[in-house]
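Student: coordinates for the following, if possible.
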Amino acid sequence: MLQFHRAIQDWQNKSGFIKNVEVYTNKVQSDYHVNALEAGYQFVKYNMANGSSLELVHNPLYDDRSINFEIDPITGFPVESQRITFLDLNGEGNKSNIKIMNKKDGFAFGYVQGLYGPYGPINGGTAAHSGSYYEMHVEKSCGLHIHDVTRCGELILSRN
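Tutor: Numbers count the residues shown, from 1 in each chain. Below is the predicted model of the structure:
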């Protein structure tokens with residue numbers, strides 16, 4: 001998201017747009033000055049021609065160090081953090097471009113009981129562990145159907 005902000009900010013600075021400083025500042029309480037201000041902004045949406053817009057949504061999976069091991073030596077973040085995925089959710093007219101498709105019989109659940117099960121203590125029954133609790137496990141298998149893949153894409157960092 002930071003790279004997107006910097007790219008839009010760079011484009012805006014080079015285009016000659018004038019920023020009204022009052023839009024980016026607020027008065028705050030401070031022990032250091034009676035007229036203390038805070039300032040800042042971050043670009044999170046870009047409005048394009050013909051009414052289209054590009055809105056950022058953070059995907060925490062790209063930043064997860066437990067599954068993304070390659071760290072960018074320049075940023076200190078996973079290389080995957082700099083991936084940008086474009087998804088057109090709207091599609092044409094009132095049809096959605098992306099739909100969740102549930103697999104037939106794709107929902108399952110069960111429990112592993114210890115000294116307690118979902119109905120209370122297990123007196124004289126079998127137990128899978130000696131804890132005074134039970135575990136509930138739920139699984140759902142589903143996928144995404146993208147109607148028009150030409151309306152989606154990715155930018156993937158490639159350092160040479």
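
Student: mind checking how far the helix or strand containing residue 103 is from the chain centre?
Tutor: Here residue 103 sits within strand 98-113, counting by DSSP states H and E. Centroid separation for strand 98-113 versus its chain: 22 Å, with CA atoms, centre = their mean, to the nearest Å.

Student: mind listing what's buried in that strand?
Tutor: Of the residues in strand 98-113, 98, 113 count as buried by neighbour count, 16 or more other CB atoms under 10 Å. Using the backbone N, CA and C atoms, a C-beta is placed for each residue, glycine as well.

Student: in this structure, where is pLDDT below threshold?
Tutor: Across the chain, the ranges flagged by pLDDT under 70 are 1, 17-19, 21, 91, 160.

Student: what about 80?
Tutor: 1-9, 11-13, 15-25, 39-41, 52, 90-94, 158-160 (pLDDT under 80).

Student: in it, which spans are helices?
Tutor: 2-15 (DSSP state H).

Student: nearest the middle, which residue of it would you pick?
Tutor: Centroid check for the chain by CA atoms, centre = their mean gives residue 59 as the closest residue, at 2.3 Å.

Student: quick check: chain neighbours aside, which residue is closest to that residue?
Tutor: Leaving aside its sequence neighbours, residue 59 sits nearest to residue 85 (CB to CB, 6 or more residues apart in numbering; 6.9 Å).

Student: measure the residue lying farthest from the centre of the chain to residue 65 for me?
Tutor: Here the centre of the chain is the reference, and by CA atoms, centre = their mean the most remote residue is residue 124, at 47.2 Å. Applying CB to CB, to the nearest Å, the value for residue 124 to residue 65 is 47 Å.
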